[in-house]
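In: Have a look at this prediction, sequence included:
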Amino acid sequence: MTEKRGRVYNRIFSEDEWKLVKEDNKLMIEDFLEEYRQRKIKDSTIKQYYNDLRIVMIYIYRKLGNKPITELNKKDFRRFSLYLSETLQVSNARANRLMSAVRSLLTYIEDDDDYDYDNNIAKKVRGLPKEAVRTNEDDFFLTFDQVMRLREELIKRDRLQDAVLLMIMFDSAARRNEAYQIQKHGLLEGNRTNVVIGKRGKQYAPVYFNDTKDLIAKYLEQRGEDNIDSLWIVGKGENKRPVTYSALYDRVVSMSKVLSEIEGRQIAFFPHSLRHSRIECLLQAEDTRILDENGNPKKFSLEEVQLFVNHSDPKTTQSYAKDHTNEIVNGMFGFM
């Protein structure tokens, strides 16, 4: 019979060892959970994450020299997964839930500009069979067609600002913090926004395409005159004010609900999903707005996309895209 969650936790967790866990790892958990509280995640879910991640950090203290979780490699995470299933003999579902907590934490760290971390290695460790647990932070890739259908639906619903947010984040592959810094001034003068500051202090001006520029013009006309620099506002008339940083997250999540209505199935995507989707779109030649010399959607090289998204290593860029290994091998031999 499978052990109950509380018994598993009590068997692994040690308060004395928790006191010795590296402070950097504890701080990452605190930052991650604070973000989830802002997202209005249920208290019971937050408590589950906290307990699961404390187990992870104690394992790192015991077995991996108490180093920061961001320094772990794929082999470390694979050994952790085996430790759970073989040494502790927890159920596959419980082991996968712990690994899902790790992936969610590192996805947050990857997206947060306070941390110099770009490559969520834990995503590459496969779950144990049959009982895999999927979290809201697992990668979701929107196709180009899905993005454009969602754009049109947001326009139809008179949600022009949300349509602009969707397209700027998709066109530029900007992180949420980078998109948050975009101002309205000068947006119609070219195909770049004002300069924003990204990870590691990288300064650049996010790009957008002409159809997005037309959309921005319609939004700004609808918005009218005001003395707010930010492109993103809430309220009308004298009650206009800049949105909060967390509000951009909520707006993107609300878009996933619209896409769910369009497609008649539950779809959940998040700000970082748009960055993943853009990278996949450029690598796979999905964007019909960008054509090569033969009039076909242009396929960009890994090195080109790496420069575009400001990654220091092409391996990081590759990790953001889908794994097409099976498709390539099947194509080599004509398999279905």
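Out: Right, received. Where do you want to start?
In: Lys299: what secondary structure?
Out: Secondary structure, DSSP: H, G, I helix; E, B strand; the rest coil: Lys299 is coil.
In: What distance do you get for Met57 to Ser85?
Out: Noted for Met57: a distance of 19 Å to Ser85, by CB to CB, to the nearest Å. C-beta here means a position set from N, CA and C on the backbone, and glycine is covered the same way.
In: do Thr317 as well
Out: Going from Thr317 to Ser85 by CB to CB gives 32 Å.
In: starting at the chain centroid, how far to stretch 157-166?
Out: For stretch 157-166, the separation from the chain centroid amounts to 20 Å (computed by CA atoms, centre = their mean, to the nearest Å).
In: And for stretch 27-45?
Out: Centroid displacement of stretch 27-45 relative to its chain, using CA atoms, centre = their mean, is 16 Å.
In: which other residues reach that stretch?
Out: Contact with stretch 27-45 is made by 46, 49-50, 53-54, 57, 68-70, 104-105, 108-109, 112, 114-115, 246, 249-250, 253, as judged by CB atoms under 8 Å, 6 or more residues apart in numbering.
In: Can you mark which positions in the host helix or strand of Glu153 are buried?
Out: Using DSSP states H and E, Glu153 falls within helix 144-156. By neighbour count on 16 or more other CB atoms under 10 Å, the buried set for helix 144-156 is 144, 146-151, 153-155.
In: Met57 and Ser85 - which one has more neighbours?
Out: Met57 (20 against 16; other CB atoms under 10 Å).
In: for the stretch 151-300 of the chain, what spans make up the strands?
Out: 196-197, 203-204, 233-234, 241-242 (DSSP state E, counting those that start in this stretch).
In: JSON lines for the ones you listed, including distance to Arg289 and mean pLDDT?
Out: Shown next, in JSON lines, are the strands of the stretch 151-300 of the chain (distance: least, CB to CB, whole Å; pLDDT from 0 to 100):
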{"stretch": "strand 196-197", "distance to Arg289": "23", "mean pLDDT": "94"}
{"stretch": "strand 203-204", "distance to Arg289": "21", "mean pLDDT": "94"}
{"stretch": "strand 233-234", "distance to Arg289": "27", "mean pLDDT": "96"}
{"stretch": "strand 241-242", "distance to Arg289": "30", "mean pLDDT": "96"}
